[in-house]
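Asker: Provide a 3D model corresponding to the input given below.
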Amino acid sequence: MPSLDEPKLISGNANMPLAKAIARRMTMYRGMSVGLVDARVERFNDQEIFVEVYENVRGEDMFIIQPTSNPANDNLMELLIMSDALRRSSAARITAVIPYFGYARQDRRSKARTPITAKLVSNMIAEAGIERVLTMDLHAAQIQGFFDIPVDNLYASPIFALDILEQFKGDTSDVMIVSPDVGGVARARELAKRINAPLSIVDKRREKPGEIAEMTVIGDVTGKKCIIVDDICDTAGTLCKAAEVLMQHGATEVHSYITHGVLSGPAVERITNSVMKSLVITDSIQATDAVANAKNIRIVPTAPMFAQAILNIWNGTSVSSLFETETLGPIYEGIL
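Answerer: Sure, this is the predicted structure:
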């Protein structure tokens, strides 16, 4: 049964444009004005974080919109401190909307004497009073099991499928979906199934983090328009090298669809100068000026999906229905 409380949105400083876009979409869906809760999230001179909420939140269903992207530690602390402020102000329920879940790549002990930071972060989030997490494309799906609270993990692949069909005018006969490593095959297969395209894999051998020794293509990409699919693009070294290898193996053009555009260090320069025709990312992480102005980087919006997911959580209805094209198609009509 729907609750009588209103869903209220509050945002930290990590991605204010996305938070405002979600509020705008919710205004449209509900036919009434939905704004962000008036609050200030500031730093003292010694860089300690201070949060003050100016509106009454007692008994309200609160949604904190805060990706834990770079600077990850600052944004994570903002999230935890905002949650504490809301909990101490008697909010009925606090949901963390974390479009990009930072520290997700540290999800297991790869060698001796290393931490599992994703588990530590999940413990901190639960301890801060957050009762539910809404995120998108976790680096490893099993991170959901690190939490003892409900986690809704949305997927970008339905949005990407709609965008690919729009960009290629519905003709995917010569499109090939490519996974840039063996670990991402499930994600790539999911998208390939949606657009009815074949699947190929680029196998890479890493000597050490950030460096790739050699790459081989599994599958025939000759004469194909290749679309590389992954969840995170950091320095773009793997991506640009994979695009080169695919072109050498006879691909006619290479595009990339990446959920989280971390794009640190030389990433933008590498992408701009690469053989890739286009890189499509979501707005889960706020784009820098360099990313926004890059000629071959395009950003697709996630606000329509997050706004609908927030309303579904508030109403107590299914979130997994958003994985279906029949549900998501009308939400994105006229946007992509």
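Asker: how about the strands in the stretch 51-200 of the chain?
Answerer: Taking DSSP state E, counting those that start in this stretch as the criterion, the stretch 51-200 of the chain carries its strands at 61-65, 93-98, 132-136, 151-154, 175-179, 199-208.
Asker: So which of those strands is nearest Phe50?
Answerer: strand 61-65 (15.9 Å; C-beta to C-beta). No exception for glycine: its C-beta is placed from N, CA and C like everyone else's.
Asker: From the chain's centroid, how far away is that closest one?
Answerer: Taking C-alpha atoms, centre = their mean, to the nearest Å, one finds strand 61-65 lying 17 Å from the centre of the chain it belongs to.
Asker: In space, what's closest to Phe299 - neighbours in sequence excluded?
Answerer: Rather than Phe, residue 299 is Ile. Distances taken as C-beta to C-beta, 6 or more residues apart in numbering place Asp283 nearest to Ile299, at 5.3 Å, with adjacent residues excluded.
Asker: For that neighbour, what are phi and psi?
Answerer: The phi/psi pair for Asp283 (degrees, to the nearest 10) reads phi -90, psi 30.
Asker: does it really touch Ala14, like I thought?
Answerer: No. Applying C-beta atoms under 8 Å as the test, Asp283 and Ala14 come out as separate, 11.9 Å apart.
Asker: For Ser83, see how far away the residue nearest to Ile299 is.
Answerer: 23 Å (C-beta to C-beta, to the nearest Å).
Asker: The two: who's more crowded?
Answerer: Legend: neighbour count by other C-beta atoms under 10 Å for Asp283 and Ser83, higher for Ser83 (26 against 19).
Asker: and the nearest residue to that one once chain neighbours are set aside, how many residues sit next to it?
Answerer: Using C-beta to C-beta, 6+ apart and skipping the chain neighbours, the partner closest in space to Ser83 is Ala128 (4.2 Å). Close neighbours of Ala128, defined as other C-beta under 10 Å, add up to 19.
Asker: how about Ala128, what does it touch?
Answerer: 79-80, 83-84, 87 (C-beta atoms under 8 Å, 6 or more residues apart in numbering).
Asker: Helices of the stretch 1-150 of the chain, start to end?
Answerer: Secondary structure of the stretch 1-150 of the chain (DSSP state H, counting those that start in this stretch): helices located at 16-30, 72-88, 117-127.
Asker: what number of residues lie near the closest residue to Lys20 other than its chain neighbours?
Answerer: Using C-beta to C-beta, 6+ apart and skipping the chain neighbours, the partner closest in space to Lys20 is Leu36 (6.8 Å). Look at Leu36: counted by other C-beta under 10 Å, it has 16 neighbours.
Asker: which residues does Leu36 contact?
Answerer: Neighbouring residues of Leu36 by C-beta under 8 Å, 6+ apart: 9-11, 19-20, 23.
Asker: again, but for Arg43
Answerer: 49-50.
Asker: Looking at it now. What's its pLDDT?
Answerer: We have a pLDDT of 93 for Arg43.
Asker: ok, Ile285 to Tyr100 distance?
Answerer: Ile285 is 5 Å from Tyr100, where distance means C-beta to C-beta.
Asker: Specify the beta-bridge partners of the residue lying closest to Asp5 once chain neighbours are set aside.
Answerer: Distance criterion C-beta to C-beta, 6+ apart; nearest residue to Asp5, sequence neighbours excluded, is Asp61 at 4.8 Å. Taking DSSP bridges as the rule, Asp61 bridges to Pro7, Arg93.
Asker: where does the residue lying closest to Arg30 once chain neighbours are set aside land on pLDDT?
Answerer: Spatially, and ignoring its direct neighbours in sequence, Arg30 is nearest to Leu311 (7.4 Å; C-beta to C-beta, 6+ apart). Here, the pLDDT recorded for Leu311 equals 95.
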